[in-house]
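# how would this look folded up:
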Amino acid sequence: MELPAVSSLVLALHLIPIAWIDFRRLIIPNILNLSLAIFGFAVSVFVFDKTVKNVFLASGLTLAAFLLISKVYSVLRNRRGIGAGDIKFLGAAAAWTGLLGVPWVILIASISGLMFAVASSVFGYAVKIDSRMASGHICRLAL
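Residues are numbered from 1 along each chain as shown. Here you go, the predicted model:
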């Protein structure tokens, strides 16, 4: 196995339990987010020759942006819109994709979430405007 194949395997071995746990319990364990971030940093720096500064910048800006979005939404709507585990997951995803990859993760996750909601509705599950959705499960498709 060459290194990119190994890194893909490592990514898959993280995303599968994240997706399963988030789908079943609507949480993403911190240890899985941390491990995903550490391996993302390692792969980005040692396999794809990104600078440590750029990887930290991508993760940090992503974390800050989604924390801000979460806080603003919470103040405006008086309820939580995105979980802390989801914010950490996006920060870890940024370590893998870089800053320019984050919008693609969000786009693909949004489309996947919409498809999940439509499929749930078709199969008789009530989907309301305030229904909770496991974004770690959805974002897994984007990475």
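# please count neighbours and contacts with C-alpha atoms only from this point.
OK.
# element containing the spatially most distant residue from the centre of the chain, please.
Largest separation from the mean C-alpha position in the chain: Gly124, at 27.1 Å (CA atoms, centre = their mean). Using DSSP states H and E, Gly124 sits in no helix or strand.
# distance of it from Arg25?
Using CA to CA, to the nearest Å, we find Gly124 at a distance of 21 Å from Arg25.
# what about Ile28, helix or strand, and which?
Counting by DSSP H and E, no helix or strand carries Ile28.
# and for Ala94?
Applying DSSP H and E as the criterion places Ala94 in helix 84-97.
# okay, buried residues for stretch 34-49 please.
Buried positions in stretch 34-49, judged by neighbour count with 16 or more other CA atoms under 10 Å: Leu36, Ala37, Phe39, Gly40, Phe41, Ala42, Val43, Ser44, Val45.
# just flag the most distant two among these.
Farthest-apart pair in these is Leu36 and Val45; separation 14.1 Å (CA to CA).
# how distant is the longest helix seen in the chain from the center of its chain?
The residue-count maximum for a helix in the chain (DSSP state H) belongs to helix 52-77. Put simply, helix 52-77 sits 12 Å off its chain's centre (CA atoms, centre = their mean, to the nearest Å).
# does anything pack onto it? Which helices or strands?
Under the contact criterion of 3 or more CA pairs under 8 Å, 6 or more residues apart in numbering; DSSP states H and E, helix 52-77 touches helix 84-97.
# what about the helix it packs on, distance to the chain center?
In this view, helix 84-97 has its centroid 5 Å away from the chain centroid, taken as CA atoms, centre = their mean.
# just the CA trace of it, in CSV.
Output in CSV follows, covering the C-alpha atoms of helix 84-97 (Å, rounded to 0.1, in the frame of the first residue of the first chain):
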residue,chain,number,x,y,z
ALA,A,84,-19.8,21.3,19.6
GLY,A,85,-18.8,17.9,18.3
ASP,A,86,-19.8,19.0,14.8
ILE,A,87,-17.7,22.1,15.1
LYS,A,88,-14.7,20.1,16.2
PHE,A,89,-15.4,17.6,13.4
LEU,A,90,-15.3,20.4,10.8
GLY,A,91,-12.0,21.7,12.3
ALA,A,92,-10.5,18.2,12.0
ALA,A,93,-11.9,17.9,8.5
ALA,A,94,-10.1,21.1,7.6
ALA,A,95,-6.8,19.5,8.7
TRP,A,96,-7.4,16.9,6.0
THR,A,97,-8.9,19.1,3.2
